[in-house]
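In: sequence first, predicted coordinates after that:
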Amino acid sequence: MTVSVKRALHPALGSMLALTLMVSAPSHADAIWADPLRTANEISGTPASAAVAGSTSCGFSAQLPSPLTLLDAVERALCRNPQTRQAWANVKVQAAAVGVSRAAYLPSLNASGSRSKGHSRTTYPDFPQADSSLKTDSSTANLSLSWVLYDFGLRAANLESARQLLNAANATQDDTLQTVFLNTVQGFYQAQAAQAMLTATMDAEQAAERSFKASAAKYQAGAGTLADKLQAQTSYAQESLKRAQAAGDLQSALGSLAIAMGWRPNTPLTLADLSQQANDAPLLQQAVDDLIADAVRIHPKILAAQAQWKSAQAQVDAARAEGRPTLSLFASGDRNDTPINQVSSRQSISSRSIGVQITIPLFDGFSRTYKVRGAQAQAEAKQADLADVEQQVMLEVWKSAQALRTEAENLNTTDILLHSARQSFDVAQGRYKAGVGTILELLKAQSDLASAQQQRILALSNWQTARLRLAASLGRLRMDEI
């Protein structure tokens, strides 16, 4: 149904056209109208979302702190890592899509205009007196408005789908931050462990050197054998090789940490020493069933999968709504100014119309039926994805909880082991100096002490990493965890 009314256009049409062109042109008003539909409220201010990064503003100086703490490393990684910046950009893309869906509820206004000049000449060879010419200067202006009034839920379904995809993008950003957070923690603790391992191998090398010098002195004095001296020298060489390997491992770990932080691998880093004390792990006090229930409720991977499923369900509604009628309002205004001939110089025609239009889809070759079926299948696939993600998250929580308990036991065991190995080495060293112990006894105690020191370092690093990995598997990794 269309209702049209045409009559002389009000002279204000020219002013309206000029105003429309002025609004469309770049100006200072762009800053005001940059986000008129308020979609930026769903976007974090920095790649490091406040939910994870706390008060991180990403305004870091070019100079890295020395020594570098775990908090410093994580803050820089969340802000500078390419993965977090990509996730942040994806949120912006989905926020813009929400703006497009909201814009469908508003009318669209378009303006067009033209101006042309022409010259025509008519000649009669037999009657030159009848020759004539005409110069034309024509102009046209048009202003049209279109506004969908009712569409039986099509716009609502598209908007809901866009909102859910934005929710999914935000949840994916949180999950990416959790992943980068945990990777940085692991890289930092590995670098700290490598740094402590280098110190331990240097201590072991120095102890082996002292044992070698003691055996060499005994050999020179005739109180020791050449075999003892050679065994001590071999042990000394082996510890030197371990120290060189530990130095290379440290540089590799520092390069990986620098990359995680968004810096070049050759960036000089000075790390704080590995703490010899283990932090509390309050998550260990909770039952695993409670931890799994918490993860299913708040984990960003699950939230993202839920939002994608809801978006797919909204797309089913949108596919169905495409087959329903649409009611629209339209309005237009025109003005044509055209010369007629040399006698009646110009003709001006002004018109305007307003009306409502209803569009009813009658038959489309059954394509819409299959669009609905396809959208329903997509929704089923997203539902299955959600179930799969839930299983993966629950399994990760279970494994992380068991690993943390294991590392807690290892931490206590290595503490006892290190204490016993240190006492054994002191005794063996004293016995060898007193001449009642053998070089094999000393070297065995020396090797056991070096091994215990390394195991203690790994246990501390693994404990700290397991503690934060459990928090990450729950989707609860935050700055206050470190």
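Out: Structure received. Residues are numbered from 1 along each chain as shown.
In: residues in contact with residue 326?
Out: Neighbouring residues of residue 326 by Cβ atoms under 8 Å, 6 or more residues apart in numbering: 148, 150, 151, 152, 154, 358, 359. To be clear about C-beta, it is placed using only N, CA and C from the backbone, and glycine gets the same treatment.
In: the third one and residue 321 touch, don't they?
Out: Yes - assessed by Cβ atoms under 8 Å, residue 151 is found in contact with residue 321 at 6.6 Å.
In: these two: who's more crowded?
Out: A count of neighbours by other Cβ atoms under 10 Å puts residue 151 above the other of residue 151 and residue 321, at 20 against 17.
In: mind checking how far the more buried one is from residue 365?
Out: Distance, residue 151 to residue 365, by Cβ to Cβ, to the nearest Å: 21 Å.
In: which residue ranges form the helices in the stretch 251-400 of the chain?
Out: 288-298, 300-321, 367-434 (DSSP state H, counting those that start in this stretch).
In: nearest to residue 250, of these?
Out: Proximity to residue 250 (Cβ to Cβ) singles out helix 367-434 among these, at 20.8 Å.
In: between that closest one and helix 288-298, how big is the angle?
Out: Per axes from the mean of the first three to the mean of the last three Cα atoms, to 10 degrees, the angle that helix 367-434 makes with helix 288-298 is 140 degrees.
In: relative to residue 378, how far out is the closest residue to residue 108 other than its chain neighbours?
Out: Closest residue to residue 108 apart from its sequence neighbours, by Cβ to Cβ, 6 or more residues apart in numbering: residue 146 at 5.1 Å. From residue 146 over to residue 378 the distance is 31 Å, taken as Cβ to Cβ.
In: who's more crowded, those two?
Out: Remark: of residue 146 and residue 378, residue 378 carries more neighbours, 18 against 14, as counted by other Cβ under 10 Å.
In: if I look at the nearest residue to the more buried one once chain neighbours are set aside, how far off is residue 319?
Out: Spatial nearest neighbour of residue 378, chain neighbours left out: residue 312 (4.8 Å); criterion: Cβ to Cβ, 6+ apart. Using Cβ to Cβ, residue 312 is found at 11 Å from residue 319.
In: check contacts around the nearest residue to residue 476 once chain neighbours are set aside.
Out: Among residues not flanking residue 476 along the chain, residue 298 sits closest, at 7.1 Å (Cβ to Cβ, 6+ apart). The contact partners of residue 298, by Cβ under 8 Å, 6+ apart, come to 474, 475, 476.
In: how about a markdown table for those residues, with neighbour count, pLDDT and secondary structure added?
Out: As requested, the contacts of residue 298 are exported to a markdown table (neighbours: other Cβ atoms under 10 Å; pLDDT from 0 to 100; DSSP: H, G, I helix; E, B strand; the rest coil):
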| residue | neighbour count | pLDDT | secondary structure |
| --- | --- | --- | --- |
| 474 | 24 | 90 | coil |
| 475 | 22 | 88 | coil |
| 476 | 17 | 85 | coil |
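In: and which of the contacts of residue 326 is nearest residue 370?
Out: Using Cβ to Cβ, the contacts of residue 326 come closest to residue 370 at residue 154, 17.8 Å.
In: now the closest one: how far from residue 164?
Out: In terms of Cβ to Cβ, residue 154 sits 16 Å off from residue 164.
In: what does residue 386 give?
Out: Distance from residue 386 to residue 164, by Cβ to Cβ: 12 Å.
In: rewinding a little: out of the contacts of residue 326, which sit inside helices?
Out: residue 154 (DSSP state H).
In: could you dump the contacts of residue 326 to a markdown table with distance to residue 412 and pLDDT?
Out: Compiled in a markdown table, the contacts of residue 326 are given as follows (distance: Cβ to Cβ, whole Å; pLDDT from 0 to 100):
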| residue | distance to residue 412 | pLDDT |
| --- | --- | --- |
| 148 | 69 | 93 |
| 150 | 70 | 92 |
| 151 | 67 | 91 |
| 152 | 67 | 90 |
| 154 | 64 | 93 |
| 358 | 77 | 92 |
| 359 | 75 | 91 |
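In: picking up where we left off before, ranking the helices of the stretch 251-400 of the chain by burial, who's on top?
Out: helix 300-321 (a mean of 21; mean count of other Cβ atoms under 10 Å).
In: which other helices and strands contact that helix?
Out: Helix 300-321 sits against helix 154-221, helix 367-434, with contacts defined as 3 or more Cβ pairs under 8 Å, 6 or more residues apart in numbering; DSSP states H and E.
In: looking at the ones you listed, which is closest to residue 304?
Out: Nearest to residue 304 among the helices and strands packed on helix 300-321 is helix 154-221; the distance by Cβ to Cβ comes to 3.7 Å.
In: any idea of the angle the closest one forms with helix 288-298?
Out: Going by the same axes, to 10 degrees, helix 154-221 makes 130 degrees with helix 288-298.
In: between helix 154-221 and helix 300-321, how many degrees?
Out: Here the directions of helix 154-221 and helix 300-321 differ by 160 degrees (the same axes, to 10 degrees).
In: can you count the residues close to residue 39?
Out: 20.
In: can I get the contacts of residue 326 in JSON lines including distance to residue 302?
Out: Listed next are the contacts of residue 326 as JSON lines, based on distance: Cβ to Cβ, whole Å:
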{"residue": "148", "distance to residue 302": "36"}
{"residue": "150", "distance to residue 302": "37"}
{"residue": "151", "distance to residue 302": "33"}
{"residue": "152", "distance to residue 302": "33"}
{"residue": "154", "distance to residue 302": "30"}
{"residue": "358", "distance to residue 302": "43"}
{"residue": "359", "distance to residue 302": "41"}
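In: still on that earlier bit, got any residues that touch both of residue 312 and residue 319?
Out: residue 375.
In: which stretches of the chain have low pLDDT?
Out: 1-32, 50-56, 276-285, 339-346, 481-482 (pLDDT under 70).
In: counting contacts, what elements does the biggest strand by length in it pack onto?
Out: Longest strand in the chain by number of residues (criterion: DSSP state E): strand 132-150. Contact partners of strand 132-150 among helices and strands, from 3+ Cβ pairs under 8 Å, 6+ apart: helix 12-24, strand 108-122, strand 326-339.
In: turn the helices and strands packed on helix 300-321 into TSV, including distance to residue 100.
Out: As requested, the helices and strands packed on helix 300-321 are exported to TSV (distance: least, Cβ to Cβ, whole Å):
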stretch	distance to residue 100
helix 154-221	7
helix 367-434	19
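In: how about those helices, which one is nearest residue 465?
Out: helix 154-221 (5.2 Å).
In: now the closest one, how far from the centre of its chain.
Out: 20 Å (Cα atoms, centre = their mean, to the nearest Å).
In: how about stretch 36-44: buried residues?
Out: 37, 39, 42, 43, 44 (16 or more other Cβ atoms under 10 Å).
In: check stretch 253-266 too.
Out: 253, 254, 255, 256, 257, 258, 259, 260, 261, 262, 263.
In: residues near the residue nearest to the fifth one when sequence neighbours are not counted, how many?
Out: Counting by Cβ to Cβ, 6+ apart, residue 257 lies nearest to residue 187, which is 4.3 Å off, once chain neighbours are set aside. Number of residues near residue 187 (other Cβ under 10 Å) recorded here: 22.
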